[in-house]
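>>> Okay, here's the prediction I keep looking at, along with the sequence it came from:
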Amino acid sequence: MDDPAIVGFRLRHVREERGMSQAALASGICSASAVSRWESGQCVPSDEIIVQLADRLALPAEVLTRRDFDSRLLTSGDGFGEVVEASFDTGRDTAGTSPMASWISRVRQVSRHADPWTSGPDPRPMVDDLAVDPLTVSVPVSVETVELLDAMVRVKETQDRETVDALADTLSWTVDAPEVIRRTALETVIAVLVGVGMPVAARGAAVRTGLPRITATTAALLTWDGSSDDGLPPVAADRSARDVAFDVLSRLRDMPGDDRQRVAALVAASCPGDGLVSLWAG
């Protein structure tokens, strides 16, 4: 039997994917409190209970226990993390049909579509699929990556203080997740908090999560009201189209009104489909 945290991680994601409550999963098998303990990683169910839970969830028991994982898919945890990071750095999906290439490609897609201000396919089915993939529980970087993506998707689904705080909390402990995904997640937290008039909370989140670098968009939003960038992490060298747009928008304060509106409209037009840029350019 694997680590209790791994079994709990998979059990929770499969149950939620099925739209099943803890009580419904437990009915006739065990108590709901037992399911809660297992999902929180306090302990693991017996082999007999695992089989019954898996049967109710309509999946092989091996999916919950990770006994189907082939360690030959990875050379090391560090190596996996480097491959994931490199995939984002190149800006291209990994080629090939290997389990690792497929996993990384899906992570990239979820990261793109989890953005609350962009349209596209619903990332929920894909992140739920990643949660039960054998590779997800291989090393800390993969477990934490999917946990972070799940928290990001929850913000897209319900953009409120609770989900944003949960995303910030997840950021504080998923230190093995690729930095590029962590920067994107923090950008979401900051954009929501600043957008609802909570710049102090936003700055606190940026400092608390401990990222070594932040996106140019995050920096622009945190200093939008004229606040100093003292105490903030440095801005990452790689920039997205959104980063460039926010860098321009943040420099428009001193322009005459008509000129500012004209340039802002051009900036928004340069990022079609980006609702965050359109919102701040308006």
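Structure received. The structure presented is a predicted model; accordingly, all values stated were derived computationally and were not measured. Numbering: from 1, shown residues only.

>>> residue ranges with poor pLDDT in this structure?
Under the criterion of pLDDT under 70, the regions of the chain flagged as low confidence span 1-2, 66-98, 138-139.

>>> Give me the domain ranges for it.
The record's domain split for the chain, according to automatic domain parsing, is 4-68, 73-222, 241-281.

>>> Against residue 208, how distant is the nearest residue to residue 119 once chain neighbours are set aside?
Counting by Cβ to Cβ, 6 or more residues apart in numbering, the nearest residue to residue 119 once its immediate chain neighbours are dropped is residue 273, at 6.4 Å. In this view, the C-beta of every residue, glycine as well, is placed from N, C-alpha and C. Using Cβ to Cβ, to the nearest Å, one obtains 31 Å as the distance from residue 273 to residue 208.

>>> Also residue 157?
Summarising the geometry, the distance separating residue 157 from residue 208, computed by Cβ to Cβ, is 24 Å.

>>> Repeat that for residue 123.
Using Cβ to Cβ, one obtains 25 Å as the distance from residue 123 to residue 208.

>>> cool, and residue 118?
The separation that residue 118 has from residue 208, given Cβ to Cβ, amounts to 26 Å.

>>> Who has more neighbours out of those two?
Set residue 118 next to residue 208 and count neighbours by other Cβ atoms under 10 Å: residue 118 wins out with 15 against 12.

>>> Please name the residues that touch the more buried one.
112, 273, 274, 275 (Cβ atoms under 8 Å, 6 or more residues apart in numbering).

>>> Of those, which belong to helices?
Of the contacts of residue 118, the ones assigned to helices by DSSP state H are 112, 275.

>>> ranking the contacts of residue 118 by neighbours, who comes first?
Tallying neighbours with other Cβ under 10 Å puts residue 274 at the head of these, with 20 neighbours.

>>> how near is it to residue 102?
28 Å.

>>> in stretch 127-146, what's buried?
The neighbour-count criterion (16 or more other Cβ atoms under 10 Å) identifies 127-128, 130-139, 141-146 as the buried residues of stretch 127-146.

>>> Count the residues that sit near residue 48.
9.

>>> Check residue 206 too.
Taking other Cβ under 10 Å as the neighbour definition, residue 206 ends up with a count of 25.

>>> Next, the contact list for it, please.
Residue 206 sits in contact with 186, 190, 214, 218, 222, 232, 233, where contact means Cβ under 8 Å, 6+ apart.

>>> The first one belongs to a strand?
I take that to be residue 186. No: counting by DSSP: H, G, I helix; E, B strand; the rest coil, residue 186 is located in no strand; its state is helix.

>>> contacting residues for it?
With the criterion set at Cβ under 8 Å, 6+ apart, residue 186 makes contact with 168, 171, 205, 206, 209, 211, 214, 215, 218.

>>> How much space separates it from residue 161?
Residue 186 sits 16 Å away from residue 161 when distances are taken as Cβ to Cβ.

>>> So which residue is smack in the middle of this structure?
residue 149 (2.4 Å; Cα atoms, centre = their mean).

>>> Which strands and helices lie in contact with the helix or strand hosting that residue?
Element membership for residue 149, per DSSP states H and E: helix 140-157. Under the contact definition 3 or more Cβ pairs under 8 Å, 6 or more residues apart in numbering; DSSP states H and E, helix 140-157 sits against helix 4-17, helix 77-90, helix 99-113, helix 124-131, helix 161-173, helix 179-195.
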